[in-house]
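Colleague: Have a look; sequence and predicted model below, questions after that.
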Amino acid sequence: MAAEELIKKKKVKVIVGLESWEKAALVGDVGTHAQIPILSFVAPAITPPSAATRLSFLIRIASNGVEQIRCISALVQGYNWRRVIAIYEDDTYGGDSGNLALLSENLQKVGSQIEYILALPPFSSLTDPKRFIQAKLRKLGRETQSRAVILLKLSSPMTIHLFREAKKMELLERNTAWILSDTITGYMDSFNHSAISSMKGALGIKAYYSEESSSYSKFYAQFREVFRSKYRDEDEFNPGMHALRAYDSITAIELALNRTSNRSNQKLMLRNILSTNFNGLSGKIRFKAGELNQTQSLRIVNVVGKKYEEIGFWFPESGFSKTPSGAETSGASDGETSVKVLSILIWPGNSHQAPKGWAMPTAEKRVKIAVPVRTSFEEFVEFHDSSEKPTGFCIDLFYMVLESQGFDLPDEFLRHSGSYDDLISNVENKTYDAAVGDITILAERMEHVEFTQPFAESGLSMIAPVKSDSAWMFLKPFTWEMWVVTAALFIYTMFVVWFLEHRSANPEFSGALKNQLSTALWFTFSSLFFAHNIQSVRQRGLSVGCDNDSFIKKYLTNVLSFKQEQLYLLNSSESSFVEEFKNKKIDAAFLEVPYEKVFLNKHCKGYGSISPTYTFGGFGFAFQKGSPIAEDFSRAILKLSEEGNLTSLEKKWFSPPSECNAENTKIQSLSLHSFWGVYAISGATSTICVLLFLRMLLKNFWHQQESFSGNVNPGRNGTWNKTIELAKYLYNGEVDIPTSFRSTTRGLSLDLRRSSKWESVSHSDCQEDPPVSSPADEIEML
């Protein structure tokens, strides 16, 4: 091994270099055993737990990459790439798995995720790298839709071969994005023109360092002179980060040597290197736990032609900026606003428009759009046997969105005869690129596909026939006679409720007369008008129809608690609902609100809807997870709705026939004849309750009158006085007892008060001797 040879034969005391973690770990292991300090230009994202002992002589003069992962995630968020591809070169020490874990974690924080991971073996292990990379890229193209590619740590030859083959396979065309980590941009300065040109349009991240210091100017002049003498054909001779870190490494060693009295003491040499603290060409040089301890600022570069241009900066505290001082930052917390300060010159495919990072359809590769053929109402979407393209409201809306946004979206409509849940699954597994139709947005479905903004409200409503002898007659308006009788019955019922509850000592009906009447009014109103229709249908065991190919069946049983035997499954057609109603096989049917509106538009005279309505997410189009087209469609649908175009389209497809228009439809009001039976039963029930209660009260009243007849002033026996006393008794529950008699009949009064409630006191009961009660009992009863 070269490191062992340097240590044993050349007797070196320090080794500097190493651009991959695989080599750094191997040499670091050798250096630790020989107690020789090893300075590497690479550091793992997650330091292995054994590094403190097993690699104690390995010094990482590099950042661990946490800042650049945050920067990459901010770029992904800013350009709204919901799915990305991560590529790195693997090795025996885990390659870039640490950076991969950090990337995945940070992407999740900004609403994105890694769709595909391409782990390449070490370039040195490939016998035919060209063929191997071609096969891997073909597989990537087949299995992914994302075209936002993030390159983590790759060796220089692997990077050159990867871009060369990707360009041939048209993976660096419009709407693709490539982001290079600082590992790759660090040696881009050493690439020739041919290698750089194949990377045109890519964004790169480079560690920021100041080019204004006198020490850098001196180093740059010397570097330029040496580089030009060796590479006369190259006109780009800027020093890369590795060159700057090599210079800083030598400076750290020199400072450590000056402080080391005994140069044979390698442990002392190690300590002195780790304790150095100075401003180097690559930034602040200070170590902690064996690696560089600095908060790293980054430069964003754009590969243009045969070189790259600096387009902005990123700072851990403030985000993106136009200037290296960070003074001209966007000041926004979201990445989308922040990236606007970057001066992107060009994207892959010579495009000046930010890429969608997605495999957009072309004339050769059309977008595969699935359309359900088992929809209940053909107004939404329908396939004609003689046409390859469907028609309907949803299809017109689809093309309206394309036109409004200027989309060039070559499409291919495919018939889907399965269920809607199967349709969603096929979009998720990439059998279809999208699904267009009357698709209900549900929380469970949103976990698998990307829905657009809903273009139609959705909910669950119940419809039922409306006939002259139907139980649903209350759905129609009343005549004025009906309203008068209804009001009279309401007031009468209110009086009965108040009278019975007040005399029964209900605390809710006590206090001021105004409060008693308001309580009675509310109680009666809620009892008469808060009828629960759907609950009544369920409890009575009536048969209800629902679409066999929908989520409604599950919703009725799991949420609304309908019994399975109550459900009558229909064959997903409008005519089946009408037919089953006519055949008396169903008493009611559940439809989603958009279907209900279409149904009632056609059958306005025969059916009505019954509230309440249970709300869902609406109708929307479905795309694959991460598809940017879904967001574009959502924005367009919202704009069409705001401009009134969606309403115009609804009128085109859902306008009711002439016989159902409001001006041509005369709604017959319900007369008293339709409800006289219900009103008679209600009034009679209330009257019987009052009469029975009055009979009991009058019996108690006359009984008390007979008990006090010998002690009452003869002047109180008149008809008028008797009427007043009766009224007071009915309201208060007491008879006006003479004062002279009260003091002698206290115990009797207590018994009579008890008898004035619901208990019935007979004449024989009054003749019995009353039980003797203690003073405590009397106080409690009073």
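Modeller: Perfect, I can see it now.

Colleague: residue ranges of the strands in the stretch 201-350 of the chain, please?
Modeller: Assigned by DSSP state E, counting those that start in this stretch, the strands in the stretch 201-350 of the chain fall at 203-207, 277-280, 283-288, 291-292, 298-304, 307-315, 319-321.

Colleague: Could you export the longest one as PDB, CA atoms only?
Modeller: What follows is the C-alpha trace of strand 307-315 in PDB, where atoms were taken according to Å, rounded to 0.1, in the frame of the first residue of the first chain:
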ATOM      1  CA  LYS A 307     -16.900  27.300 -17.700                       C
ATOM      2  CA  TYR A 308     -19.100  28.100 -14.700                       C
ATOM      3  CA  GLU A 309     -20.400  31.400 -13.400                       C
ATOM      4  CA  GLU A 310     -21.100  32.500  -9.900                       C
ATOM      5  CA  ILE A 311     -24.800  33.400  -9.500                       C
ATOM      6  CA  GLY A 312     -25.300  33.900  -5.800                       C
ATOM      7  CA  PHE A 313     -24.500  32.800  -2.300                       C
ATOM      8  CA  TRP A 314     -26.100  30.900   0.500                       C
ATOM      9  CA  PHE A 315     -25.700  31.600   4.200                       C
END
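
Colleague: Provide the strand pairings for it, with the direction of each partner.
Modeller: strand 298-304 (antiparallel), strand 319-321 (antiparallel) (DSSP bridges).

Colleague: most packed of the ones you listed?
Modeller: strand 319-321 (a mean of 24; mean count of other Cβ atoms under 10 Å). Using the backbone N, CA and C atoms, a C-beta is placed for each residue, glycine as well.

Colleague: want to throw the strands of the stretch 201-350 of the chain into a markdown table with distance to Q564 and mean pLDDT?
Modeller: Supplementary listing: these in a markdown table, determined by distance: least, Cβ to Cβ, whole Å; pLDDT from 0 to 100:
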| stretch | distance to Q564 | mean pLDDT |
| --- | --- | --- |
| strand 203-207 | 58 | 91 |
| strand 277-280 | 76 | 92 |
| strand 283-288 | 67 | 89 |
| strand 291-292 | 65 | 85 |
| strand 298-304 | 61 | 91 |
| strand 307-315 | 60 | 89 |
| strand 319-321 | 57 | 89 |
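
Colleague: okay, stretch 553-564 in PDB with CA atoms only?
Modeller: Taking Å, rounded to 0.1, in the frame of the first residue of the first chain, the C-alpha atoms of stretch 553-564 are listed here in PDB:
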ATOM      1  CA  LYS A 553     -71.200   1.800   0.500                       C
ATOM      2  CA  LYS A 554     -68.300   1.700   3.000                       C
ATOM      3  CA  TYR A 555     -69.200   5.200   4.300                       C
ATOM      4  CA  LEU A 556     -72.900   4.300   4.900                       C
ATOM      5  CA  THR A 557     -72.000   1.200   7.000                       C
ATOM      6  CA  ASN A 558     -68.900   2.500   8.800                       C
ATOM      7  CA  VAL A 559     -69.900   6.100   9.500                       C
ATOM      8  CA  LEU A 560     -73.600   6.400   9.200                       C
ATOM      9  CA  SER A 561     -74.200   3.000  10.800                       C
ATOM     10  CA  PHE A 562     -76.600   1.600   8.200                       C
ATOM     11  CA  LYS A 563     -77.000  -2.200   8.300                       C
ATOM     12  CA  GLN A 564     -75.600  -4.200   5.400                       C
END
